[in-house]
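Visitor: mind folding the following:
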Amino acid sequence: MAARIDSLVTAGSFSLDGGTWDLENNVWIVGDETECIVIDAAHDPEAILAAVGSRTLLGIYCTHAHNDHIGAVADVQSLTQAPAYLHPADDMLWKTVYPNAAHLPLENGQHISVAGTELAVIHTPGHSPGAVCFYAAELGTLFSGDTLFHGGPGATGRSYSDFPTIIESIATRLLTLPAETIVLTGHGESTTIGDEAPELDAWVARGY
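Guide: Down below sits the predicted model:
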């Protein structure tokens, strides 16, 4: 039996380049009745732990290291002892939140197993250098973090981000997935690869 996907929305703030903004984040939990993983431990450790419940938390998998996506990692770890995983190209962002805490590395092509289901790590730099997505082919689902949203790519107007890079990541590594793939995003509503693919040229033309 394939793993199921649970979700919750947590609220907090994002800070970078001297600014702070209030926002809501999607937290995704993949697993079954006995074990699970958390994708992006954002803002609210109590809500995340309540959603995990009595299950064994195998790991906290970070799509990138902006503080709104990793702010609850330490508190969740303190009660579960679950390891945190992050692409090392985002280490400089991680250290702004956790200067003395380590994480385990993610790399492109790596596979994550949970509840009999595999998720593939896809490195998609652009929103940040170490941004990744997680693709669960068996579930027909992509967890896109802040790389791809309903209506366009993630923001690239701040430090360590780059618009041409995120467009290349999306075009070559995400839009090649099956059109029916559900895209579960880091913020806001979900979409599909098929709904977003036709818009690529328009994003490039208007610069986002």
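Visitor: just the CA atoms of the worst-scoring helix or strand of the chain on mean pLDDT, as CSV, please.
Guide: When each helix and strand of the chain is scored by mean pLDDT, DSSP states H and E, helix 200-206 comes last, with a mean of 91. Included here for helix 200-206 are C-alpha records, laid out as CSV according to Å, rounded to 0.1, in the frame of the first residue of the first chain:
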residue,chain,number,x,y,z
LEU,A,200,7.0,28.7,-19.5
ASP,A,201,7.5,31.1,-22.4
ALA,A,202,5.2,33.7,-20.8
TRP,A,203,7.2,33.6,-17.5
VAL,A,204,10.4,34.1,-19.4
ALA,A,205,9.0,37.0,-21.4
ARG,A,206,7.8,38.9,-18.3
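Visitor: which elements pack onto it?
Guide: The helices and strands touching helix 200-206, judged by 3 or more C-beta pairs under 8 Å, 6 or more residues apart in numbering; DSSP states H and E, are helix 163-169. Bear in mind the C-beta positions are built from the backbone N, C-alpha and C, glycine included.
Visitor: next helix or strand past the helix it packs on?
Guide: Next in sequence after helix 163-169, counting helices and strands by DSSP states H and E, comes strand 182-185.
Visitor: for that next one, buried residues please.
Guide: Within strand 182-185, the residues that qualify as buried are Val183, Leu184, Thr185, counting by 16 or more other C-beta atoms under 10 Å.
Visitor: so how far is it off the chain centroid?
Guide: Relative to the mean C-alpha coordinate of its chain, strand 182-185 is positioned 10 Å out (C-alpha atoms, centre = their mean, to the nearest Å).
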